[in-house]
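**Q** With the input below, show me the fold.
(one chain, ligands or ions: 1)
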Amino acid sequence: MSGTLVLVRHGQSEWNLKNLFTGWKDPDLTPLGVEEANAGGKALADTGIKFDIAFTSDLSRAQKTCQIVLDNVGQPDLETIRDQALNERDYGDLSGLNKDDARAKWGEEQVHIWRRSYDVPPPGGESLRDTGARVWPYYLTDILPRVLAGETVLVAAHGNSLRALVMVLDRLTKEQVLNLNLATGVPMVYRLNADSTVASKEVLGDMSGAH
Ligand SMILES: O=C(O)[C@@H](CO)OP(=O)(O)O
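**A** A predicted model of the protein is given here:
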């Protein structure tokens, strides 16, 4: 057994609430989003976890969520590394569009493919594979070595950058990843083996409402 990796998707953002494609745009958390981040942080605090380092993206909704989690576990000043590699999938031309308007224009199925497929990019944006192509190397070079050294690592990021990581950790196929949805503010606690495979996974909250 080696270390522990905790993944948490940021709490609800203003654009999640307005049902807009967000990508690399930088809206703030809503009051509910702050509450969700606090709930995730409390659930982690209840386990008695202490982190050695935190990673987050270049976007404020993930950074704020990261800080709220760290406040809850009593480590407000923990070293936190911000990197664009962990940013949300770039939604390209869809960024800022309403998701229901997009469904009306292009059809339910096409929009679902853009949102959840492995290798079909939205117009001008990144597919999940493209997102993984920057998340996976960053995980291998910056995050995984710390976990393998026995550290406990927090990663506060985004729906799709975390889907790319969960796809690898949970060994999901291209077909299975279509149905993978991560809830906002719900921590996933992975304990890794020395060979970097997953020894155990615990979800601290309810993922069932995610869509
Ligand atoms: O808009 C986005 O950037 C993402 C995350 O909120 O949306 P989706 O869940 O549709 O991939």
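
**Q** what does stretch 190-208 contact?
**A** Outside stretch 190-208, the residues that touch it by CB atoms under 8 Å, 6 or more residues apart in numbering are 1-7, 39-40, 43-44, 47, 144, 147-148, 169-170, 181-183, 185-189. The way it works is simple: take the backbone N, C-alpha and C, and place the C-beta from them, glycine included.

**Q** Show the contacting residues for the closest residue to the ligand within the chain.
**A** Going by CB to the nearest ligand atom, the ligand is nearest to residue 22 of the chain, at 3.5 Å. The contact partners of residue 22, taken as CB under 8 Å, 6+ apart, are 13, 15, 16, 88, 91, 95.

**Q** The residues you listed in helices, which ones?
**A** Under the assignment DSSP state H, those contribute 15, 16 to helices.

**Q** What's the local residue count around residue 64?
**A** Per other CB atoms under 10 Å, the neighbour tally for residue 64 reads 20.

**Q** Cross-check the contact I'm expecting between it and residue 29.
**A** Yes - applying CB atoms under 8 Å, one finds residue 64 in contact with residue 29, separated by 5.4 Å.

**Q** can you list residues touching both of those two?
**A** 10, 11, 37.

**Q** Reformat those residues as JSON lines; add pLDDT and distance to residue 99.
**A** Shown next, in JSON lines, are the shared contacts of residue 64 and residue 29 (pLDDT from 0 to 100; distance: CB to CB, whole Å):
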{"residue": "10", "pLDDT": "98", "distance to residue 99": "18"}
{"residue": "11", "pLDDT": "98", "distance to residue 99": "18"}
{"residue": "37", "pLDDT": "98", "distance to residue 99": "23"}
